[in-house]
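In: Prediction below, plus the sequence it came from.
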Amino acid sequence: MGLRYYIKTFGCQQNKADSERIAASFEARGMKPAKGYIDADYIVINTCMVRQSAEDRVYGLVRNLGKLKLKPRRSRTAGLKIIITGCMVGIAHRDKTGKMLQKLKERMPEVDEFLPIEEVGFDNEPIRTSKIHAWIPISNGCNNFCTYCVVPFTRGREISRPFEDILNEAKKLKEKGYKEITLLGQNVNSYGADLILGKKNIQVMEDLNKKYFENSKVNPPIGGQKSKLQLKIKKLKFNENLKLKIENCKPVYVKHLGRYRIPTLFPHLLEEVAKLGFEKVDFISSNPWDFSDELIDVIAKYLNITKTIHLPVQSGDDNVLKRMNRWYTSDEYLRLVANLKLKIKNLKLTTDIIVGFCGETDEEFENTVKLCKKVGFEKAYIAMYSPRPMTAATKVMKDDVPYEVKKKRWLILENLINKPPLKKN
Ligand code: SF4
């Protein structure tokens, strides 16, 4: 009997898409999927670190699988191998002191291999479970360093896949009869900045602003007359990895907090994918600060692009947003929402909100409630803040909102957005 693998995935859609690539790498080595843990020779656990509870579930699972390792396995020839990948391994590999990896090894002696997800490439076609819907990862990682978020540490800096590789993957899926696709990235709508500027030049917005826009008193580069700034942008050298054959594919910029964000190619990519004729094209997760007018126009123009947009707000209070290092004010967010509502028919908005972030007062929380009432979200993923390793909030702020207060605030928003009185019956 040939070797079999089993993959257990925790966390977000990005992890699910990564697991499809891991499956492909096993099948390329001649292995077949197992029905469950019991008949597997290789068990891969794709981990998530978004909350402590997600990590704790991994520790519990590995402990139980360790017991399985000790049992004689009549049906299997080889000994069971346990492989851990995903966020817990990502953060440990980025810790240059090596202490985090050492800690993981000590905490989970049952594990045979700690595999960084970057070592699983895009060479093999992912093994997809659905024949109708497919995930297409377009970028990985994040440069934004929101102070509560562990993603820049678990997945590293944002890296975009080449434009043409993504389009080719989408074309193949269309030929195979797939009807729906979702473009995936931690910041899906900042796609392409590293392709345009080169990875080394992608800094936080302030640095980029100084480098490219210093002393510039001209208009934003999008729309309107050609300005000196636009000419300057045209001179930006495209990275050689960017093999764009699309005419007029110029970088798109958005201004938030008085500064220009990084250039992105996402509106162009989304348009090219929509033109392939899928029944539905979706994308997650987008951030307000890279949501350009061009992107709104593309969504409005193509019927097959989703009209349900996930737009994480996290808080409706400007001081909390600042402490979170989110690059917009509540007013800017509301202006963006107004623009989306104006241009996109049948728009539905969903969001992410964190309650009880470090120092959040009753008044600050009230501002979030007010913003939610103004927007009218269809759905919200509401989380009570919990500190995550290596983040700025953990290092320099205090997790000082009591659990009971967090829970109360969570309930208020949950009842307001996800379980309003009319939806209860
Ligand atoms: S929450 Fe902030 S830091 Fe985390 S992935 Fe999203 S944009 Fe990046």
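Out: Structure's in. What do you need? Remember, predicted model here, so these are calculated numbers, not experimental data. Numbering: from 1, shown residues only.
In: Give the full set of residues in contact with the closest residue to the ligand within the stretch 301-425 of the chain.
Out: At 6.9 Å from the ligand, residue 312 is the closest residue in the stretch 301-425 of the chain, using Cβ to the nearest ligand atom. No exception for glycine: its C-beta is placed from N, CA and C like everyone else's. Shown in contact with residue 312 (Cβ atoms under 8 Å, 6 or more residues apart in numbering): 285, 287, 288, 351, 352, 353.
In: So which of these would count as near the ligand as well?
Out: residue 287 (Cβ under 6 Å from any ligand atom).
In: Pull out the buried residues from the contacts of residue 312.
Out: Buried members of these, scored by 16 or more other Cβ atoms under 10 Å, are 285, 287, 288, 351, 353.
In: Secondary structure added to those residues, as a markdown table?
Out: Listed next are these as a markdown table, based on DSSP: H, G, I helix; E, B strand; the rest coil:
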| residue | secondary structure |
| --- | --- |
| 285 | coil |
| 287 | coil |
| 288 | helix |
| 351 | strand |
| 353 | strand |
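In: Tell me the one of these nearest residue 20?
Out: Checking the buried ones among the contacts of residue 312 against residue 20 by Cβ to Cβ gives residue 285 as the nearest, at 18.4 Å.
In: domain assignment for this protein?
Out: The record assigns the chain these domain ranges, following automatic domain parsing: 4-119, 130-306, 307-425.
In: Out of the ones you listed, which gets the lowest mean score?
Out: Lowest mean pLDDT of the domains of the chain: domain 130-306, a mean of 77.
In: neighbours of the residue lying closest to residue 275 once chain neighbours are set aside, just the number please.
Out: In space, and not counting its chain neighbours, residue 275 is closest to residue 302: 7.7 Å by Cβ to Cβ, 6 or more residues apart in numbering. Neighbours of residue 302 under the rule other Cβ atoms under 10 Å: 17.
In: Distance of residue 302 relative to residue 95?
Out: 43 Å (Cβ to Cβ, to the nearest Å).
In: ditto for residue 166
Out: From residue 166 to residue 95 the distance is 31 Å (Cβ to Cβ).
In: And the two? Which one has more around it.
Out: residue 166 (21 against 16).
In: Send me the helix or strand hosting that one as PDB with only the CA atoms.
Out: Taking DSSP states H and E as the definition, residue 166 sits inside helix 163-175. What follows is helix 163-175, C-alpha atoms only, in PDB (Å, rounded to 0.1, in the frame of the first residue of the first chain):
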ATOM      1  CA  PHE A 163       0.700  39.200 -12.600                       C
ATOM      2  CA  GLU A 164       0.900  36.800 -15.600                       C
ATOM      3  CA  ASP A 165       1.200  33.700 -13.300                       C
ATOM      4  CA  ILE A 166      -2.100  34.600 -11.600                       C
ATOM      5  CA  LEU A 167      -3.800  35.300 -14.900                       C
ATOM      6  CA  ASN A 168      -2.600  31.900 -16.300                       C
ATOM      7  CA  GLU A 169      -3.800  30.100 -13.300                       C
ATOM      8  CA  ALA A 170      -7.200  31.800 -13.600                       C
ATOM      9  CA  LYS A 171      -7.400  30.900 -17.300                       C
ATOM     10  CA  LYS A 172      -6.700  27.300 -16.600                       C
ATOM     11  CA  LEU A 173      -9.400  27.200 -14.000                       C
ATOM     12  CA  LYS A 174     -11.800  28.700 -16.400                       C
ATOM     13  CA  GLU A 175     -10.900  26.000 -19.000                       C
END
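In: for it, the distance to its chain's centre please.
Out: For helix 163-175, the separation from the chain centroid amounts to 20 Å (computed by Cα atoms, centre = their mean, to the nearest Å).
In: Stretch 113-132 too?
Out: Centre to centre, stretch against its chain (Cα atoms, centre = their mean), the figure for stretch 113-132 is 17 Å.
In: quick thing: my sequence starts at 370, can you match it?
Out: Shifting the count to begin at 370 puts that one at stretch 482-501.
In: Just the buried residues of it, please?
Out: Judged by neighbour count using 16+ other Cβ under 10 Å, the buried positions of stretch 482-501 are 483, 484, 486, 489, 493, 495, 496, 497.
In: So what does residue 650 have for phi and psi?
Out: Dihedral pair for residue 650: phi -120, psi 120, per degrees, to the nearest 10.
In: ok, which residues in the stretch 520-669 of the chain are in contact with the ligand?
Out: 520, 521, 555, 556, 656.
In: so which strand or helix has the residue lying closest to the third one once chain neighbours are set aside?
Out: Right, the one you point to is residue 555. Here the nearest residue to residue 555 in space, its sequence neighbours aside, is residue 511; by Cβ to Cβ, 6+ apart that works out to 4.4 Å. For residue 511, there is no host helix or strand (DSSP H and E).
In: now swap in residue 415 and tell me
Out: strand 411-416.
In: And for residue 377?
Out: Going by DSSP H and E, residue 377 is in strand 373-378.
In: What about residue 528, how many residues nearby?
Out: Residues lying near residue 528 (other Cβ under 10 Å) number 16.
In: Let me fix that, I meant to ask about residue 457.
Out: Neighbours around residue 457, by other Cβ under 10 Å: 26.
In: Tell me the spacing between it and the ligand.
Out: Distance of residue 457 to the ligand, computed by Cβ to the nearest ligand atom, to the nearest Å: 16 Å.
In: Can you list the residue ranges for helices in the stretch 670-794 of the chain?
Out: Using DSSP state H, counting those that start in this stretch, the helices of the stretch 670-794 of the chain run over 687-692, 699-712, 731-744, 761-765, 772-782, 790-793.
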